[in-house]
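Novice: Coordinates for the following, if possible.
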Amino acid sequence: MKPRIKSLILYSFLAYGMISMLSNCNCRDKNDQIIYPPDTFNLISNSSFEFDGSESFIGWDIFHASPVTLSDVPPGGGYYSLFMLGGWVPAVYYIETSFPSPIGSNEYRLSYYGKEWGSVELFLKKPDTLIFCKGLFTHDTNWTCYSVLDTLNTYSGDTLVVRVIAQGSEFPRECHFDLCKLEIIY
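Specialist: Numbering: from 1, shown residues only. As a prediction, this is how the structure comes out:
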């Protein structure tokens, strides 16, 4: 190979290397942080039944239940969890939260930590009907994370409803819940 072509190739690699190094230069202030968008967005504002370090049912409507909060929590559960005592069959004791649904076709993840006996259910409320979408049943004596995915097509005027239910039976059963989330999966 001729010396001139060798030099040209060598200078081309050097120029390419310098351009690559300069384009990767981080010229930001050291205090700047890169904030990556979350993979999900939780639609339930009070998923841990507490607010500002105090027990709270803000954002939840109570139906036939006498919910209380306990300091028995799962990992990452904050200071309080929800405790309900199931009623006699056919009575249904529950609390629920609802919010306008994002319009379009979205994938959702319903999840929560639970123990003892209970369930968490997702509904799609149309202007004239309530449609059951997914449900998860708690059946463990230790804190366990339960999770399910669903894809929903929603329109203007639709509402998503998450219901936390104390299971009824001949004998009242304890139900513990925490970190109830309904997340949009991006």
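Novice: so the closest residue to Lys125 other than its chain neighbours bridges to which residues?
Specialist: Nearest residue to Lys125 in three dimensions, chain neighbours excluded: Thr159, at 4.1 Å (Cβ to Cβ, 6 or more residues apart in numbering). All C-beta spots, glycine's among them, are computed from the backbone N, C-alpha and C. Beta-bridge partners of Thr159, counted by DSSP bridges, are Pro100, Lys125.
Novice: Tell me the pLDDT of Thr159.
Specialist: Note on Thr159: pLDDT of 95.
Novice: Just give me the neighbour total for it.
Specialist: 15 (other Cβ atoms under 10 Å).
Novice: Begin at 38 from now on, thanks
Specialist: With the count now opening at 38, the last piece we talked about shows up as Thr196.
Novice: For stretch 147-155, give the mean pLDDT please.
Specialist: According to the model, stretch 147-155 has a mean pLDDT of 90.
Novice: who's in contact with it?
Specialist: 111, 114, 118, 121, 123, 157, 159, 171, 173-187, 199, 201-204, 206, 210-220 (Cβ atoms under 8 Å, 6 or more residues apart in numbering).
Novice: Next one: the residue nearest to Lys162 from Ser135, what distance?
Specialist: Distance, Thr196 to Ser135, using Cβ to Cβ, to the nearest Å: 5 Å.
Novice: ok, now Val157?
Specialist: 14 Å.
Novice: which residues do these two both contact?
Specialist: By the contact definition Cβ under 8 Å, 6+ apart, Val157 and Ser135 are jointly contacted by Val199.
Novice: These two: who's more crowded?
Specialist: Val157 (25 against 16).
Novice: how near is Gly96 to Phe136?
Specialist: Distance, Gly96 to Phe136, by Cβ to Cβ: 9 Å.
Novice: shared neighbours of the two, which are they?
Specialist: Ile81.
Novice: Need the contact partners of stretch 82-89.
Specialist: 92-97, 104, 106, 114-119, 134, 214-218.
Novice: and the residue nearest to Phe78 when sequence neighbours are not counted, what are its bridge partners?
Specialist: Using Cβ to Cβ, 6+ apart and skipping residues adjacent in sequence, the residue nearest Phe78 is Ile221, 4.9 Å away. Beta-bridge partners recorded for Ile221 (DSSP bridges): Phe78, Tyr145.
Novice: what's the distance between Ile221 and Ile140?
Specialist: 12 Å.
Novice: Phe86 too?
Specialist: 29 Å.
Novice: which of these two has more neighbours?
Specialist: The neighbour count for Phe86 versus Ile140, taken as other Cβ under 10 Å, is higher for Phe86 (29 against 12).
Novice: Quick check: closest non-adjacent residue to the more buried one.
Specialist: Excluding the flanking residues, the one nearest Phe86 by Cβ to Cβ, 6+ apart is Leu119, at 4.7 Å.
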